[in-house]
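Visitor: here are the coordinates; sequence isn't available:
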């Protein structure tokens with residue numbers, strides 16, 4: 001099965017095939033010699049690659065996963081081939097607007113926009129404090145802020161709705 005994976009905003013294609021009881025993995029068309037073992041039912045996994053082992057902590061669901069590896073947090077969005085085809089029409093219709101979500105749990109430090117404000121792709125929307133760092137959450141598209149779902153000082157979970165942006169046609 002082929003998956004379309006976004007890791008911290010970067011797109012990758014991952015193909016997983018089981019052959020003779022062994023998982024064969026290719027990332028962006030390149031074979032990857034990996035294996036894994038679940039440590040417990042709480043999302044703790046050991047990944048083995050090229051003679052090295054890596055401890056991962058995994059949280060999330062079938063579409064959105066948060067992985068911690070060596071103290072580094074990674075936001076992963078997953079979509080298989082069938083889901084990608086089903087979502088293609090929705091994406092074309094919304095032209096990339098929609099809900100902006102928290103990429104990690106944290107506390108909203110400052111809101112930099114309010115409903116009705118026009119934003120450009122990459123413009124800062126709010127500051128989220130997470131893992132002792134201030135993270136600027138940027139607009140994923142050009143548009144207008146439709147709704148703000150959080151307030152300064154509010155704690156949010158990974159995947160929580162922060163704001164909604166509506167894409168404005170330029171034409």
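Guide: Alright, I've got the coordinates. Remember, it's a predicted structure, so these values are computed and weren't measured experimentally.
Visitor: Packing partners of whatever helix or strand residue 135 lives in?
Guide: Using DSSP states H and E, residue 135 sits in strand 133-138. Helices and strands touching strand 133-138, by 3 or more CB pairs under 8 Å, 6 or more residues apart in numbering; DSSP states H and E, are strand 124-130. All C-beta spots, glycine's among them, are computed from the backbone N, C-alpha and C.
Visitor: Let me know the angle separating the strand it packs on from strand 133-138.
Guide: 150 degrees (axes from the mean of the first three to the mean of the last three CA atoms, to 10 degrees).
Visitor: what pLDDT, on average, does strand 124-130 get?
Guide: Across strand 124-130, pLDDT averages out at 90.
Visitor: Got the phi and psi for the closest residue to residue 130 other than its chain neighbours?
Guide: Excluding the flanking residues, the one nearest residue 130 by CB to CB, 6 or more residues apart in numbering is residue 106, at 3.2 Å. Per-residue torsions, residue 106: phi -180, psi -160 (degrees, to the nearest 10).
Visitor: who touches residue 105 in this structure?
Guide: By CB atoms under 8 Å, 6 or more residues apart in numbering, the residues touching residue 105 are 130, 155-158.
Visitor: Kindly reformat those as a markdown table containing neighbour count.
Guide: Shown next, in a markdown table, are these (neighbours: other CB atoms under 10 Å):
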| residue | neighbour count |
| --- | --- |
| 130 | 17 |
| 155 | 11 |
| 156 | 19 |
| 157 | 12 |
| 158 | 18 |
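Visitor: just for the protein, where's the confidence low?
Guide: Along the chain, the model assigns pLDDT under 70 to residues 85-97, 169-171.
Visitor: and the residue with the largest distance to the centre of it, how far is that from residue 125?
Guide: Going by CA atoms, centre = their mean, the residue of the chain most distant from its centre is residue 20, 32.2 Å out. The gap separating residue 20 from residue 125 is 49 Å, by CB to CB, to the nearest Å.
Visitor: repeat for residue 114
Guide: As judged by CB to CB, residue 114 and residue 125 stand 10 Å apart.
Visitor: How about residue 7?
Guide: 21 Å.
Visitor: Give me the more crowded residue out of these two.
Guide: Using other CB atoms under 10 Å, the more surrounded residue of residue 7 and residue 125 is residue 125, with 21 against 15.
Visitor: Wait, the more buried one touches residue 149, no?
Guide: No - Residue 125 is not in contact with residue 149 according to CB atoms under 8 Å; the separation is 11.6 Å.
Visitor: what residues do these two have in common as contacts?
Guide: With CB under 8 Å, 6+ apart as the test, residue 125 and residue 149 both reach 162-163.
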